[in-house]
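Peer 1: Need a 3D model of the sequence below.
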Amino acid sequence: MRKQDISDFLLDRYPGVVSVNAWGEQSFFYNPESMLPRGVYFATLKDKDGANDNASGLYRDGVYRFNFGVSKETYQKVLGSQPARPAAGGIVETGHDFTQLNTLLPHPVYGWMSWVCVLNPDTELFASLFPMLDESYDLVVEKFKKRVKS
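Peer 2: As a prediction, the model looks like this:
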């Protein structure tokens, strides 16, 4: 799959999701009617290593990483126990090879927050993520509602 395929899918399937290019990645926020300055993070597409996020080897030609958050329960069901928060500039310690393509992995930096990732998913793997993406969307909608009420 191309990054654009994923971007189009997210923007078509999930109402209120907007795309923002920032911090060297394409970020997707839930922010209907631009009620918040940015909204609530839903997912990201990243194709460049950063100073504090280079475990995936995104310097490789054509490699990108798709990232999104899930519930703690779902994370534990699909990936096991959540790792501890890494030190600044570090990665989570899970024993995973964060350079592996087309495999659901903990996010190398934000796995402790129940974020997951896939490098260059194919269409079959991406389709298998739909239930988790639907859950992720429901979670960000609820977070958004709480922030707007505050």
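Peer 1: tell me the mean pLDDT over the longest helix along the chain?
Peer 2: The longest helix of the chain (DSSP state H) is helix 130-149. In this model, helix 130-149 carries a mean pLDDT of 97.
Peer 1: and what of stretch 47-56?
Peer 2: Mean predicted confidence for stretch 47-56 is 93.
Peer 1: Nearest spatial neighbour of G39, chain-adjacent residues omitted?
Peer 2: N31 (2.6 Å; CB to CB, 6 or more residues apart in numbering). Backbone N, C-alpha and C define where each C-beta goes, glycine included.
Peer 1: got the buried residues for the longest helix of the chain?
Peer 2: Neighbour-count burial for helix 130-149 flags M132, L133, E135, S136, Y137, L139, V140, V141, K143, F144 (criterion: 16 or more other CB atoms under 10 Å).
Peer 1: hmm, who's touching it?
Peer 2: 10, 13-14, 16-17, 30-32, 35-36, 39-43, 68-71, 74, 78, 116 (CB atoms under 8 Å, 6 or more residues apart in numbering).
Peer 1: Confidence-wise, which helix or strand of the chain is lowest on average?
Peer 2: Within the chain, no helix or strand scores below strand 17-22, which has a mean of 94 by mean pLDDT, DSSP states H and E.
Peer 1: Give me the buried entries from the contacts of helix 130-149.
Peer 2: Listed as buried from the contacts of helix 130-149 are 10, 14, 16-17, 30-31, 39-43, 68-70, 74, 116; burial here means 16+ other CB under 10 Å.
Peer 1: can you tell me which two in those residues are farthest apart?
Peer 2: The largest separation in the buried ones among the contacts of helix 130-149, counting by CB to CB, is between N31 and T74 at 23.3 Å.
Peer 1: quick revisit: so which of the buried ones among the contacts of helix 130-149 are in helices?
Peer 2: Short answer: the buried ones among the contacts of helix 130-149 in helices (DSSP H) are L10, T74.
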